[in-house]
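Chemist: Build me a structure from this.
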Amino acid sequence: MGYYGVFIGLQYRNDIAMMKVLDSNVYEKAHLLTIRIPVSIPYMNDDADFERVDGKFEHEGEVYRLVKQKYAQDTLTVVCVKDYEDKRINQALSNYVKSFTDKATDQHSNSKVTINFIKDYIPQAFSLRSVAAGWTTSVTYNSFHNILISTFTASVIHPPERA
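Modeler: Below you'll find the predicted structure:
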């Protein structure tokens, strides 16, 4: 799981902390954002007061936490606040993932990949040398050729035909 588990743990800890702050009404009133959504729901009674809701959403790169909502006169009024910490955690996770997936490519990268790929299949000879004088040995990899011999193709047995 690695560092991804750390990021999930940070998000969980932030979720718990934000719920405590929002439940206790200890947040900056100046940072609140009010969204009014016109929606007509038949047989829905109007709410007298706001009720506490929990949730989050992302809009244009900003993360918002739902604080409270109220339905009155065919309008749903949602009050939310920006969650800067959640945005920071998401950005750190994004940067972590980019660190090993978004490598810059240049013109010569394909040739290097081809050379490195071919090296795996070309037999190479190397020698082992001891620090002590007196012996040397060479090790050579066996190369296998993918050539089919005609005797193998003739030995394939097909199932008998049913009458």
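Chemist: helices and strands around the longest strand along the chain, which ones?
Modeler: Secondary structure of the chain read by DSSP state E shows that its longest strand is strand 62-72. For strand 62-72, the packing partners by 3 or more Cβ pairs under 8 Å, 6 or more residues apart in numbering; DSSP states H and E come out as helix 3-23, strand 51-52, strand 56-59, strand 75-82, helix 84-101. (Each C-beta comes from the backbone N, C-alpha and C, glycine too.)
Chemist: which one of those lies closest to residue 38?
Modeler: strand 75-82 (5.5 Å; Cβ to Cβ).
Chemist: What's the separation between residue 12 and residue 56?
Modeler: Distance from residue 12 to residue 56, counting by Cβ to Cβ, to the nearest Å: 13 Å.
Chemist: Quick check on those two: which one has the bigger neighbour count.
Modeler: residue 56 (13 against 10; other Cβ atoms under 10 Å).
Chemist: I'd assumed residue 62 was in contact with the more buried one.
Modeler: No - at 10.7 Å, residue 56 does not count as touching residue 62 under the criterion of Cβ atoms under 8 Å.
Chemist: Of the helices and strands packed on strand 62-72, which stretch is the most buried?
Modeler: Comparing these by mean neighbour count (mean count of other Cβ atoms under 10 Å), strand 75-82 ranks first with a mean of 17.
Chemist: That one: partners in the sheet, and parallel or antiparallel?
Modeler: Neighbouring strands of strand 75-82 in its sheet, by DSSP bridges, are strand 32-38 (antiparallel), strand 62-72 (antiparallel).
Chemist: Quick check: which of those is buried the most?
Modeler: Across these, averaging neighbours per residue (mean count of other Cβ under 10 Å) puts strand 62-72 on top, at a mean of 18.
Chemist: tell me the secondary structure for residue 41?
Modeler: Following DSSP: H, G, I helix; E, B strand; the rest coil, we place residue 41 in the coil state.
Chemist: Touching, it and residue 72? I think so.
Modeler: No - the criterion here is Cβ under 8 Å, and residue 41 misses it with residue 72 at 11.3 Å.
Chemist: Any stretches of this structure with poor pLDDT?
Modeler: Segments of the chain classed as low confidence (criterion: pLDDT under 70) are 1, 102-158, 163.
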